[in-house]
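Visitor: Model the following, please.
(2 chains, ligands or ions: 3)
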Amino acid sequence: MHPGAPGGGRQASGGEFQSPALERLVRSLQQLPGLGRKSATRIALHLLANHEDAAQLTTAVDDARRQVTRCGRCGAITESDPCAICTNPGRDASLLCVVASPVDILPFEKAAFFRGRYFVLGRLLSPLDGVRAEDLPFDRLRARIDEDEVREVILALDTSVEGETTALYVQRLLAGRAIHLSRLATGIPVGGALAYTDEATLQRAFQHRTGVEGG
Amino acid sequence: MRILTARLTGFRNLADGDYEFSPGVNLLIGSNGQGKTNLLEALNFAAFGRSHRGARSEELIRFTDQHLHVSLAVDQASGVRQDHEFGLDREGGRRFRIDGQLVTRRADLVGRLATVFFRPESVELVRDGPEARRRFADQSLASLDSGYLAALMAYQRALRQKGRLLADVRRGARREADAARELAAWNADLAVHAVPIGRRRGEWSSLLAPYADAIYQDLAGSPAPLEFQWRPRLQAFAPARLASATDEELAADILAEFDYIRPMELRRGRPLAGLQFDDFLVRLGERDLRVFGSQGETRTAAISLVLAQSDVVFRQRRVRPVLFLDDIFSELDRERARRLQERSARNHQVFIATARADDVAGWEPDPARRWLVEDGRLTALP
Ligand SMILES: Nc1ncnc2c1ncn2[C@@H]1O[C@H](COP(=O)(O)OP(=O)(O)OP(=O)(O)O)[C@@H](O)[C@H]1O
Ligand SMILES: [Mg+2]
Ligand SMILES: [Zn+2]
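Guide: Numbering: from 1, shown residues only, chains lettered A, B, ... in the order given. Ligands and ions are numbered 1, 2, ... in the order given. Predicted structure coming up:
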C-alpha cells in the first residue's frame, strides 16, 4: 500500500488502548450522538482521572432513567404523568400546539408567550426511514382534540420536507372539522430545527402564524 | 472578478505554496495527469463549497496529508479585495471564511465568488440526455440564487420519500389505503416546491438563450439562430398558464396532475410526473441539435450555453465571473478556437487548461501568464 493512501493517515491517529476496559468505555461513549473517537477518548480519560465526576454521572444517569417518563396525554418529558402543563388549569386546553419532539416544547416554554397545551408526535413521516403514518400517534391526537374541545391547532413542525409533509398530512387528517388550523409562519430558517431557533424568531413566527385550509 | 493570488496547502497533488495569477489570461499547459484540473478545482471550490466534478472532500486532501487549506485573494469588480478561505479535514470538518468571517451555511457562499466552469464533459451538454441539461440548469441557477438550491434540495428529498412510499406499496409492504393520505401529503409538498423551481427554470432559460445565440454567432456564424428553450413536462408550466397564474394556482394545477397520474404511479411503484422529467430544447433554426447536430455544431452550442452564463451573471450582478475552461478546444477547428480565445479573454479573468500547447500557440493575449504544469508544480513559461 502507498504509505499515504487514503485511510492510511486515519490509522496513524487512531489505534487502541492496551486496557480492554478503557477501550470499552471509549467505544460506548463513541456510541453517543455527536461524539467522535477523539472526544470520546478525552471524556473517558477525564472520568478515569476524576472519580467524583464519574460517580456523579453514574448516579445522574440512574436517577434519570428511574424518574423520567413521558406524559401520556401530550408526550412531554416529565416526572409526573400527566405532566404539569397538561394539569395546569391556567392553560387553555382549547389551544393545541403540535410539535415533533419533546425538546421542541422547551423554546416555547422558555419564551413563555404560549398559553395553550402541547401534543408531541414523536416522529415525522419518512418512508426512507421506515416511518409510516401508522407509527405516529394520530389516533391519540384526534381523541385529544375531541376530549379537550380544541378550537385551534398550531402546527409547529420543522421546516424540513418531513416536517412540512407531516404538517400537510395533519391538515388533511383534520379537514372538515370546525377547528382553526395554523402553521408557524416563516422566520424559522429553511431546514432549521425548531429546538435551535432563538426566542425572538420563535415569537415572531408564532405571531405571524398563517391559517391553513384543511383539505 | 479576479483571483489575484492563492495559497495552497495539502490540495491533491498541487505543490504547497503561493501562486500568483494574471488578472487576464492564465494558460496552464501540461501533459495528462499533472494537476491542471486540480488547480482549477482548488480555485473554483470556494464558489460553491464543493468540487466542480463532484469529488468528496476526502478525495481533495493530498494522499499523505490530514487536511487541506486554500486561501484566495479576490478582486471584486469594484476593486474591493475579498479573501476567501476554506479548510477541509479527513474527519469531515469543513470551514469557510470570507474576509475572516466564518460562513456556516453553504447558501451563504452563493454569489460571493462568481465563476463559470467549463468541464471536458460539458461539450456533450447538447448531445447527452436531458439529465445533463437539467444538471447544467440547476447548477447555473443555484449559483445565481440560493433560494433555488434550497427549493431544489427540498424537492429532491420529497421526491425520494415519495418514491420510497410508492415502492413500498408496490412490493406489498404498505396497504394502498393506508398510504393514500401520505401520498397526498408528499404530492402537496412536491407541488409547493415545484412552483419556484419551475418559474426560475423558465426565466433563466429565456434570459440565457439570446446570449447563447450571440456567442454562437460570434464563434461560428450561422444563418439560423441558436435557440434554447425550457421544455417542462408538467402542463401547469405551459407558458401561457405560467405567465397568468399565481403560485397557489400553479401548485393546485400540479397537484391535480399528480392526482391524475397516481393510479399509474402506484402500479409502477415510482413517480411518473414532475420536474425531474424536464428537458431543454436546443435548436439551430428548425433543426433539433440534440438529435441532428454535427460534432462541431453541438460542441459549439454547448460552449455557447456555458459561456452565456457569464452574461446572465453580469446582467444580474454587474460583475464578470472568473472563467475556468478545462480542455475546451478539443475538436474545435482553428478559427473557432481562436474566436473563443479572444472572446473569453475580453472582460474576464480566465484560466485555460490544455494538454496540447498547439491549441494556444501563437496566441498572445495581454495581460497573460503561461505555465507548464508538471507533477503538481507550476513553472512560468516565457
Ligand atoms: N488527493 C490526492 N493526493 C495526491 N495526488 C492526487 C490526489 N488526487 C489526485 N491526485 C493526482 O492528481 C493527478 C491528476 O491531476 P489532474 O486531474 O489535475 O490532471 P490534469 O493535469 O488535469 O490531466 P488531464 O490532462 O489528463 O486532464 C493524478 O496523477 C492523481 O494521482
Ligand atoms: Mg484535467
Ligand atoms: Zn402533558
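Visitor: make it CA atoms for all contacts and neighbour counts henceforth
Guide: OK.
Visitor: Can you report how many residues lie near the closest residue to B:L340 other than its chain neighbours?
Guide: Counting by C-alpha to C-alpha, 6 or more residues apart in numbering or on different chains, the nearest residue to B:L340 once its immediate chain neighbours are dropped is B:L219, at 6.3 Å. Per other C-alpha atoms under 10 Å in any protein chain shown, the neighbour tally for B:L219 reads 22.
Visitor: Can you show me the helices along the chain?
Guide: No chain was given, so I picked chain A. A:8-13, A:20-30, A:37-49, A:51-67, A:84-87, A:105-111, A:138-147, A:161-173, A:199-207 (DSSP state H).
Visitor: try again with chain B
Guide: Listed in chain order, the helices found in chain B under DSSP H are B:36-48, B:57-60, B:130-144, B:146-170, B:176-219, B:239-244, B:247-268, B:289-292, B:295-317, B:334-345.
Visitor: and ligand 1, which of the helices of chain A is closest to it?
Guide: Ranking these by proximity to ligand 1 (C-alpha to the nearest ligand atom) places helix A:8-13 first, at 12.3 Å.
Visitor: hey, least reliable of the helices of chain A by pLDDT?
Guide: When the helices of chain A are compared by mean pLDDT, helix A:8-13 comes last with a mean of 38.
Visitor: returning to that earlier point: which one of the helices of chain A lies nearest to B:A137?
Guide: Distances from B:A137 to each of the helices of chain A were compared by C-alpha to C-alpha, and the smallest falls on helix A:161-173, at 22.6 Å.
Visitor: Now that closest one: buried residues?
Guide: A:161-173 (16 or more other C-alpha atoms under 10 Å in any protein chain shown).
Visitor: for these, which one is nearest B:D18?
Guide: Using C-alpha to C-alpha, A:V161 is the member of the buried residues of helix A:161-173 that sits closest to B:D18, with 43.7 Å.
Visitor: Burial check on the closest residue to chain A within the stretch 1-150 of chain B, number of neighbours?
Guide: Here the stretch 1-150 of chain B gets closest to chain A at one residue, B:T64, 4.1 Å apart by C-alpha to the nearest C-alpha. For B:T64, the tally of surrounding residues (other C-alpha under 10 Å) stands at 17.
Visitor: does A:D53 really touch A:L47, like I thought?
Guide: Yes. With contacts defined as C-alpha atoms under 8 Å, A:D53 counts as touching A:L47 at a distance of 6.4 Å.
Visitor: Mind checking which of these two has more residues around it?
Guide: With neighbours defined as other C-alpha under 10 Å, A:D53 and A:L47 compare such that A:L47 has more, 16 against 12.
Visitor: Tell me who's in contact with the residue most central in space within chain A.
Guide: In chain A, the C-alpha nearest the mean C-alpha coordinate belongs to A:S101, at 3.1 Å (C-alpha atoms, centre = their mean). Residues near A:S101 by C-alpha atoms under 8 Å, 6 or more residues apart in numbering or on different chains: A:V120, A:L121, A:G122, A:R123.
Visitor: From B:G33, how far off is the residue lying closest to the second one once chain neighbours are set aside?
Guide: This points to A:L121. Using C-alpha to C-alpha, 6+ apart and skipping residues adjacent in sequence, the residue nearest A:L121 is A:A100, 4.9 Å away. Counting by C-alpha to C-alpha, to the nearest Å, the gap between A:A100 and B:G33 amounts to 51 Å.
Visitor: The two: which is more packed in?
Guide: Residue environment comparison for A:A100 versus B:G33 gives the larger neighbour count to A:A100, 22 against 14, counting by other C-alpha under 10 Å.
Visitor: give the contact list for the more buried one.
Guide: Taking C-alpha under 8 Å, 6+ apart as the contact definition, A:A100 lies against A:V120, A:L121, A:G122, A:R123, A:L124, A:A156, A:L157, A:D158, A:G163.
Visitor: Against ligand 3, how distant is it?
Guide: Going from A:A100 to ligand 3 by C-alpha to the ion, to the nearest Å gives 14 Å.
Visitor: and what of B:A256?
Guide: Noted for B:A256: a distance of 40 Å to ligand 3, by C-alpha to the ion.
Visitor: residues near the residue lying closest to B:H67 once chain neighbours are set aside, how many?
Guide: Nearest-residue entry for B:H67: B:D89, 4.1 Å, with adjacent residues in sequence omitted and distances by C-alpha to C-alpha, 6+ apart. Counted with other C-alpha under 10 Å, residues neighbouring B:D89 total 18.
Visitor: From what I see, B:D89 and B:E59 are in contact.
Guide: No. B:D89 is not in contact with B:E59 according to C-alpha under 8 Å; the separation is 10.3 Å.
Visitor: And for B:I328, the neighbour number?
Guide: Residues within reach of B:I328, counting by other C-alpha under 10 Å, total 24.
Visitor: try B:A185
Guide: Other residues within reach of B:A185 by the criterion other C-alpha under 10 Å amount to 23.
Visitor: Which residues are in contact with the nearest residue in space to B:V306 that is not next to it in sequence?
Guide: Counting by C-alpha to C-alpha, 6+ apart, the nearest residue to B:V306 once its immediate chain neighbours are dropped is B:F118, at 6.7 Å. When contacts are counted by C-alpha under 8 Å, 6+ apart, B:F118 touches B:I303, B:V306, B:L323, B:F324, B:L325, B:D326, B:I328.
Visitor: Tell me the bridge partners for B:F118.
Guide: Partner residues in beta bridges with B:F118, using DSSP bridges, are B:L325.
Visitor: Let me know the distance separating it from B:E124.
Guide: With distances defined as C-alpha to C-alpha, the gap from B:F118 to B:E124 amounts to 11 Å.
Visitor: And A:A55, by the same measure?
Guide: Here the distance between A:A55 and B:E124 works out to 65 Å (C-alpha to C-alpha).
Visitor: Determine the number of other residues adjacent to the closest residue to ligand 3 within the stretch 1-150 of chain B.
Guide: Residue of the stretch 1-150 of chain B nearest ligand 3, by C-alpha to the ion: B:A150 (35.3 Å). Other residues near B:A150 come to 16 when the count uses other C-alpha under 10 Å.
Visitor: tell me the contacts of residue 67?
Guide: I went with chain A, as the question did not name one. A:Q67 is in contact with A:E79, counting by C-alpha under 8 Å, 6+ apart.
Visitor: wrong chain, I was asking about chain B
Guide: So, once contact is read as C-alpha under 8 Å, 6+ apart, B:H67 ends up touching B:G10, B:I61, B:G87, B:L88, B:D89, B:R90.
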